[in-house]
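Participant: Build me a structure from this.
(one chain, ligands or ions: 1)
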Amino acid sequence: MRSGEEHHDVVIVGGGICGLATALALHRKGVKSLVLERSDRIRATGAAIGVFMNGWCALDRLGVGAVLRDKTIPIPEIQEVWHRKSAMQVKSTRIEEFRCLKRTDLIQALFDNLPVDSVRLGCQIVAVERDPSTSFPILYVHDGIIIKAKVLIGCDGSNSVISKSLGLGSLNSLPNCVIRGLTNYPNGHNLESHFLRHLDGYMAFGRIPIDDNLVHWFVDWPYPNRDIDAPKDPKFLMELAMQQIKDYPAEMIEMVKSSDPSSLNLTRIRYRSPWHLVFGNFRRGTMTVAGDAMHMMGPFLGQGGCVAMEDAVVLARNLAQAMPMGLEGGRVGDGELKKRIETALENYVRERKPRVLKLAMQSMLVGILISSSSKIKRLLSLALLLVFFGGASLSYTRYDCGPL
Ligand SMILES: Cc1cc2nc3c(=O)[nH]c(=O)nc-3n(C[C@H](O)[C@H](O)[C@H](O)COP(=O)(O)OP(=O)(O)OC[C@H]3O[C@@H](n4cnc5c(N)ncnc54)[C@H](O)[C@@H]3O)c2cc1C
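Facilitator: Below you'll find the model as predicted:
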């Protein structure tokens, strides 16, 4: 156990998409930050991520859009195949800008654009409290180190220590889980460049080409063993996925069979209830949350990561507006600094709440529609989706988070 105390201006807990995007956004605005990540390397769980127009807009603002577009092909269409009792029904929807990225490419691009020493790996935060004399946050690291910060941003995902300390309720679970993977076709996959999704009762099976060789696929179905830890053994995950898709065309079965075992991952579907977003407190003093730590949502709209990057841009814009010269340059007393940061974080929360609430609501309704066994719940969800969200409209992707 080590001991000692460190002082930093802006501390971000979590080096996932949101934490790194927030650090990069702050860096672009001249505000220095330190990211604390519990893993001992920069890593990305979940193979790949679909990025819609709003996500690309945020990536452009972060200055990494162009380099990431080079790693993917555009996907202009979603093709949904509904397996009805009597027949299959195919529905095609045009998408404005949609591409699928390898998660490691996204994480690496964000990381590569940060100054050296911006990220501290192997650093797990175990508790957080407010300094009784200054009200600024104090973080306790697993190895005994104490870190005092002026601003604390919790980007620590679904089991966020920071959300808990803000008093946000625990997450809800859906019965479904998802296995995701990547398959490489050395001689090219020759697939059409669309996002194909089969919807068959409570199960969904889909694939999206990333480039001319690499394809991302996923299988989503009700997983009975909810009490045990999510299995990680690639052989077991492969068998589990194969069981779900055994009646699908041979080329789709072959795709799963040939996937890279190290890319396989099983995730249970959890979400923060929209009521928490309405009534929850997303800021206390100079501490706030972003990304999944704030608004974990099911994967049904493919928006969690895109919205996390929007959070990063909005948060950095507000913080930098409050401190135009950065914390180090803006020579103000602690009292004045605290007031400015609180106002900036309050503005951030006010700007984000309506956006994430709408998405969380829509995502929850789609989740119920796909996975609930109750016909009444499904009909009610469908009615609410039609009335409030225009059915299956992708209008939520046409969102500009504004300049940095
Ligand atoms: C099946 C599935 C499919 C999805 N598909 C899409 C999609 O197509 N498009 C999309 O936009 N979104 C998608 N999402 C959502 C997206 O993956 C998440 O919203 C996004 O990864 C959230 O990023 P984050 O940085 O907030 O959290 P995370 O990625 O969970 O990162 C949190 C980080 O914090 C670290 N951490 C946690 N606790 C601590 C601690 N105490 N101390 C230090 N570090 C800590 C973790 O190690 C981790 O690195 C999907 C989600 C799922 C489950």
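
Participant: least trustworthy helix or strand in the chain by mean pLDDT?
Facilitator: For the chain, the helix or strand with the lowest mean confidence is helix 326-329, at a mean of 52 (criterion: mean pLDDT, DSSP states H and E).

Participant: what sits against the nearest residue in space to residue 366 that is not next to it in sequence?
Facilitator: Distance criterion Cβ to Cβ, 6 or more residues apart in numbering; nearest residue to residue 366, sequence neighbours excluded, is residue 300 at 4.0 Å. Using the backbone N, CA and C atoms, a C-beta is placed for each residue, glycine as well. Remark: with contacts taken as Cβ atoms under 8 Å, 6 or more residues apart in numbering, residue 300 is in contact with 363, 366-367, 370.

Participant: With residue 365 instead?
Facilitator: 381, 384-385, 389.

Participant: Now tabulate the residues you listed in JSON lines and tack on distance to the ligand, neighbour count and secondary structure.
Facilitator: Listed next are those as JSON lines, based on distance: Cβ to the nearest ligand atom, whole Å; neighbours: other Cβ atoms under 10 Å; DSSP: H, G, I helix; E, B strand; the rest coil:
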{"residue": "381", "distance to the ligand": "20", "neighbour count": "19", "secondary structure": "helix"}
{"residue": "384", "distance to the ligand": "22", "neighbour count": "16", "secondary structure": "helix"}
{"residue": "385", "distance to the ligand": "19", "neighbour count": "19", "secondary structure": "helix"}
{"residue": "389", "distance to the ligand": "18", "neighbour count": "18", "secondary structure": "helix"}
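
Participant: In the stretch 201-350 of the chain, mark out all the strands, start to finish.
Facilitator: In the stretch 201-350 of the chain, strands defined by DSSP state E, counting those that start in this stretch lie at 203-209, 214-222, 265-271, 283-284, 287-289, listed in chain order.

Participant: how about the ones you listed, which one is nearest residue 75?
Facilitator: strand 203-209 (6.1 Å; Cβ to Cβ).

Participant: What angle do strand 214-222 and the closest one make with each other?
Facilitator: 170 degrees (axes from the mean of the first three to the mean of the last three Cα atoms, to 10 degrees).

Participant: who's in contact with residue 162?
Facilitator: 13, 125, 128, 152-154, 156, 287, 289, 293.

Participant: cutoff 10 Å now
Facilitator: 12-14, 125, 128, 137, 139, 152-156, 168, 284, 287-290, 293-294 (Cβ atoms under 10 Å, 6 or more residues apart in numbering).

Participant: Give the buried subset of these as a ChimeraX selection command.
Facilitator: Restricted to buried positions by 16 or more other Cβ atoms under 10 Å, the ChimeraX selection for these reads:
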select :12,13,14,125,128,137,139,152,153,154,155,156,168,284,287,288,289,290,293,294
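
Participant: among the contacts of residue 162, which are within reach of the ligand?
Facilitator: Residues shared between those and the neighbourhood of the ligand are 13-14, 125, 155-156, 293 [Cβ under 6 Å from any ligand atom].

Participant: which ones among the residues you listed are found in helices?
Facilitator: residue 293 (DSSP state H).

Participant: Would you map the helices across the stretch 101-250 of the chain?
Facilitator: Assigned helices in the stretch 101-250 of the chain, in chain order: 103-112, 161-165, 234-244, 250-257 (criterion: DSSP state H, counting those that start in this stretch).

Participant: picking up where we left off before, which one of the ones next to the ligand among the contacts of residue 162 is nearest to the ligand?
Facilitator: residue 14 (2.8 Å; Cβ to the nearest ligand atom).

Participant: That closest one and residue 34 touch, don't they?
Facilitator: No - the criterion here is Cβ atoms under 10 Å, and residue 14 misses it with residue 34 at 12.0 Å.

Participant: May I ask you to name the longest helix in this protein?
Facilitator: Every helix in the chain considered (DSSP H), the longest is helix 334-371.

Participant: Check which residues of that one are buried.
Facilitator: Residues of helix 334-371 classed as buried under the neighbour-count rule (16+ other Cβ under 10 Å) are 337-338, 340-342, 344-345, 347-349, 351-353, 355-371.

Participant: what's the average pLDDT for that helix?
Facilitator: Across helix 334-371, pLDDT averages out at 92.

Participant: Flag every residue of the protein that's near the ligand.
Facilitator: So the chain meets the ligand at 13-19, 36-39, 46, 49-50, 55, 124-125, 155-158, 161, 178, 180, 267, 291-293, 299, 302-306, 308 (Cβ under 6 Å from any ligand atom).
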